[in-house]
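**Q** pasting a predicted model and its sequence here:
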Amino acid sequence: MKNLSIAIVLFVLGFSAHGQSLKLKRADKFYAHLAYKSAQDIYVKLLDTKNESPVMLNHLAMCYYNTNQMAKSAETFAKYIQPESASSDELFYYSQALKQSGRTQEGDAQLQALYAKANTDLRAKSLIDNLNYLESMKAKGEQYSLRNLDINSEFSDFGGYSYFESVLYLSSKFESLSVKREWTWDGTRFLDVFLAREKDGQWNDERMLNDICTKYHEGPVCLYGTNLYFTRNSAGKNKYDKNGIQNLSLYVGSVDVLGGVSETLLPFCSAEYSVGHPAVSRDGKTLYFASDMPGSKGVDIYEVSIEGYQKYGTPKRLEGNVNTDGDEMFPFIGSNGTLYFSSNGHIGLGGLDVFMVDAKGDVINLGQPLNSMNDDFAFILKDDNKTGYVSSNRPGGKGDDDIYAFTYTGPIEIKISGVITDLANNAPIKDAYVVLIDEKGKQITSVKTDENGKYEMPALSGKTYTIQVKKENYIAQKSTVQTTEADVQKDFQLVEDAVSFVFDVKDKKTQSALSGVSIKIEDLSRKTIKNLQTADNGSVSEKWISYKVGDEVKINVTLNKEGYLSKTVGVNFVIPSQVVNVSELMDIAMSKLEVGGDLNELISINPIYFDKGKWNIRTDAALELDKIVAIMNQYPGMEIELGSHTDCRSSVKFNQDLSNKRAKASAEYIQKRISAPSRIKGVGYGESRLKVDCPCEGKVVSTCSEEEHQKNRRTEFIITKMK
């Protein structure tokens, strides 16, 4: 039953048709009831008559398709189909008929036409997303060897389901002499469940499992513990749907010690749709199955929770990338929890292909020779994860469908795990990002560590991997591992990734350490601000995790301490090492504000110049006086005496008068720009307080240089009071 919509016609169309139109009606009734073989025989006789139409040709093409005559199906589709007017299903089945006839490129062209018509159709999108799928499969190599089993017959045989120490498989080889057991779908016999034992490739003790076999279809099946889940055509009074179709249902039977089976219909089955192809998760808590129940797109895979003896939850269509607009069937759960299934909706070689869902949730085609251009299905993997069975109707077999034993010859799945800790304190690091990278630099998978710093991820044997570990605020690490068939344990110890910036603040005059200094750091590159305070030793350090050695830094540093002149300095530098002493890169020594101190010695004030014999404030002088304004506004408790001094040249009276006028003009400029103008007064000292002894009154001729005279011509800003 590789087709889930297994149908049995409710009635036999036994009337005698007169005329071609009646024959067409008869054929259409057979077609509507899925009796494709009977419908096909009539449609063929109506070719090249007035009854031939696109609808009739479509029905005939689908009859050929459903009876596995793909070349004839493709030929019939080609007679009438036009991409612009064809439906999505017509283009899809035409593509499948072409591919199963060996015309892969032509089949893919029809899928591209389908995508142009409906770009949300996942059957077509699967191709568009994987245009190089054939090259990818070829590059992957053939990783399976196949062997046709001796138990195969000229009829349909498929399966290989575990049943205690035996194997169950399905076959239509049984012929009843008393009951007609012909399937109206394609004229073949019904499927029964057979049991056989395999040892060293030899099969014996073969017999039919009579406890569940009826005159209709049975299988596929699944054994979990002593519960045997199996598929069967709907039975009982209400076994037909509204169209007279006998769909599939799922049953569960409890196998007793004598091999008997007591069966129960699962509660979510209905005569109106098919439910079949059971598979149970390894923990026994979830049942997977295939169905075309309402909400499906074609045939989809569902899951339902097993909540107790004959108690089940609500079936849910499988989330993720598994289901498409095509058919997904034959789910199987491997010993490691991996989901395998068959699909014609995901891009493949033709017909049903076998796929798996990897750890990232991606759907992977298992490639050749496991898959072929025909139907490949009923993939069953033994617990050794190397051997199992797959069924196929590919050429070269013994009958319709054959069972093949396979051996996996590629790399096996192993586990890479470890613990990530902090090197400084050996504490586990949670949420570290662990990435597995293959030889070509492609990321295979990624995980995060748990609260104990542990990680675990799947890998393959015989490979060379790079494991990369990243964690915010830590230096990334990576290591290369060569895998064998044994699991790998790889631990990492991370080093915190932080550059320490050290600030040592001292008194500029005494060079003693200054505690309690508030430091504001403006990071002009990263647009961030940090606020620190020096300790008793005048030092403070801060780890900046956003920076690394070699990064360029652009910062402004503002220092504040009561009784000291605040200052802001900036610096640009490239980080040379993990520890940077900023004190060595910029002047962050602070000047004490004390009575008698000259602001000229605390801040950078250029000489204040006046025009010869003038005392008006020039533009360049105003710039320097504004610096005093700023400081006095910053420190409202500061009082200043502005002293103007001259050199000895000119008369004493002239120098005294001129210095007074210049001092008062300078003080007035500042008074207009500060609070409490009385806090500054201007005093002219003339030449009474020469800084350099350069007398030149009367007949005395000065021997001082111009530079020495300049030192005497000065403006002093002496702090007279500091609240």
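**A** Sure thing, it's come through.
**Q** against Val505, how distant is Val571?
**A** Per C-beta to C-beta, to the nearest Å, Val571 is found 15 Å from Val505. For glycine as for every other residue, the C-beta is placed from the backbone atoms N, C-alpha and C.
**Q** just Ala61 next, same as before
**A** 89 Å.
**Q** circling back to that earlier point, Val571 and Val505: which has the busier surroundings?
**A** Using other C-beta atoms under 10 Å as the criterion, Val571 and Val505 rank with Val505 on top: 25 against 14.
**Q** for Val553, see how far away that one is.
**A** Val505 sits 19 Å away from Val553, going by C-beta to C-beta.
**Q** may I see the buried residues of stretch 83-95?
**A** Buried residues in stretch 83-95, counted by 16 or more other C-beta atoms under 10 Å: Ala86, Ser88, Asp89, Glu90, Leu91, Phe92, Tyr93, Tyr94, Ser95.
**Q** so which of these are in helices?
**A** If you go by DSSP state H, the buried residues of stretch 83-95 have Ser88, Asp89, Glu90, Leu91, Phe92, Tyr93, Tyr94, Ser95 in helices.
**Q** would TSV of the buried residues of stretch 83-95 with distance to Met329 and pLDDT be doable?
**A** TSV is the format used below for these (distance: C-beta to C-beta, whole Å; pLDDT from 0 to 100):
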residue	distance to Met329	pLDDT
Ala86	25	91
Ser88	20	91
Asp89	17	91
Glu90	22	92
Leu91	22	92
Phe92	16	91
Tyr93	16	93
Tyr94	21	94
Ser95	19	91
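**Q** distance to Asp491 added to those, as JSON lines?
**A** Compiled in JSON lines, these are given as follows (distance: C-beta to C-beta, whole Å):
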{"residue": "Ala86", "distance to Asp491": "59"}
{"residue": "Ser88", "distance to Asp491": "53"}
{"residue": "Asp89", "distance to Asp491": "55"}
{"residue": "Glu90", "distance to Asp491": "58"}
{"residue": "Leu91", "distance to Asp491": "54"}
{"residue": "Phe92", "distance to Asp491": "51"}
{"residue": "Tyr93", "distance to Asp491": "54"}
{"residue": "Tyr94", "distance to Asp491": "56"}
{"residue": "Ser95", "distance to Asp491": "51"}
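**Q** between these, which is closest to Glu328?
**A** The nearest member of these to Glu328, counting by C-beta to C-beta, is Phe92 at 14.1 Å.
**Q** which ones are touching the closest one?
**A** Gln110, Leu111, Leu114, Asp121, Arg123, Ala124, Asp325, Gly326 (C-beta atoms under 8 Å, 6 or more residues apart in numbering).
**Q** next structured bit after the helix or strand containing the first one?
**A** Per DSSP states H and E, Gln110 falls inside helix 104-117. Using DSSP H and E, the helix or strand that follows helix 104-117 towards the C-terminus is helix 122-128.
**Q** helices and strands around that following helix, which ones?
**A** helix 104-117 (3 or more C-beta pairs under 8 Å, 6 or more residues apart in numbering; DSSP states H and E).
**Q** neighbouring contacts of stretch 672-692?
**A** Stretch 672-692 is contacted by residues 626, 628-629, 632-633, 636, 638-648, 652, 655-668, 670-671, 704, 708-709, 711-712, 714 when judged by C-beta under 8 Å, 6+ apart.
**Q** pull the CA atoms of that stretch into CSV?
**A** Output in CSV follows, covering the C-alpha atoms of stretch 672-692 (Å, rounded to 0.1, in the frame of the first residue of the first chain):
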residue,chain,number,x,y,z
LYS,A,672,29.9,91.0,32.7
ARG,A,673,30.0,87.2,32.2
ILE,A,674,30.0,85.8,35.7
SER,A,675,27.7,85.7,38.7
ALA,A,676,28.6,88.0,41.6
PRO,A,677,30.9,90.3,39.5
SER,A,678,32.6,91.4,42.7
ARG,A,679,34.3,88.1,42.8
ILE,A,680,37.0,89.5,40.5
LYS,A,681,38.9,92.7,40.7
GLY,A,682,41.6,94.2,38.5
VAL,A,683,44.7,95.6,40.0
GLY,A,684,47.5,97.3,38.0
TYR,A,685,51.0,96.8,39.4
GLY,A,686,53.0,98.5,36.7
GLU,A,687,56.6,97.6,37.1
SER,A,688,56.5,97.2,40.8
ARG,A,689,56.6,93.4,40.8
LEU,A,690,59.1,92.4,38.2
LYS,A,691,59.5,88.7,37.8
VAL,A,692,62.9,89.1,36.3
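**Q** and Ala39, its phi and psi?
**A** As for Ala39, its main-chain torsions (degrees, to the nearest 10) stand at phi -60, psi -40.
**Q** OK, contacts around it?
**A** Residues counted as contacts of Ala39 (C-beta under 8 Å, 6+ apart) are Ala27, Asp28, Phe30, Tyr31, His59, Cys63.
**Q** contact partners for the first one?
**A** When you say that, I think you mean Ala27. Ala27 neighbours (C-beta under 8 Å, 6+ apart): Ser38, Ala39, Ile42, Tyr43, Leu46, Met56, His59.
**Q** let's see 7 Å
**A** Under the criterion of C-beta atoms under 7 Å, 6 or more residues apart in numbering, the contact list for Ala27 reads Ala39, Ile42, Tyr43.
**Q** is it in a helix, a strand, or coil?
**A** helix (DSSP: H, G, I helix; E, B strand; the rest coil).
**Q** okay, it: pLDDT?
**A** With respect to pLDDT, Ala27 has a value of 87.
**Q** list the buried ones in the helix holding Gln110?
**A** Thr104, Glu106, Gly107, Asp108, Ala109, Gln110, Leu111, Gln112, Ala113, Leu114, Tyr115, Lys117.
**Q** swap in stretch 42-61?
**A** Buried-residue list, stretch 42-61, by 16+ other C-beta under 10 Å: Ile42, Tyr43, Leu46, Asn51, Glu52, Met56, Leu57, Asn58, His59, Leu60, Ala61.
**Q** setting aside sequence neighbours, what's the nearest residue to Ile128?
**A** Counting by C-beta to C-beta, 6 or more residues apart in numbering, Ile128 lies nearest to Tyr115, which is 5.3 Å off, once chain neighbours are set aside.
**Q** contact partners for that neighbour?
**A** Residues near Tyr115 by C-beta under 7 Å, 6+ apart: Asp121, Ala124, Lys125, Ile128.
**Q** which one of those residues sits in the busiest neighbourhood?
**A** Ala124 (29 neighbours).
**Q** which residues touch that one?
**A** Listed by C-beta under 7 Å, 6+ apart, the contact set of Ala124 reads Leu111, Leu114, Tyr115, Ala118.
**Q** go ahead and confirm Lys297 touches Asp327.
**A** No - here Lys297 lies out of contact with Asp327, judged by C-beta atoms under 7 Å, at a distance of 9.4 Å.
**Q** so those two - more neighbours on which side?
**A** A count of neighbours by other C-beta under 10 Å puts Asp327 above the other of Lys297 and Asp327, at 25 against 17.
**Q** bridging residues for that one?
**A** Val299 (DSSP bridges).
**Q** roughly how far apart are it and Asn393?
**A** Going from Asp327 to Asn393 by C-beta to C-beta gives 15 Å.
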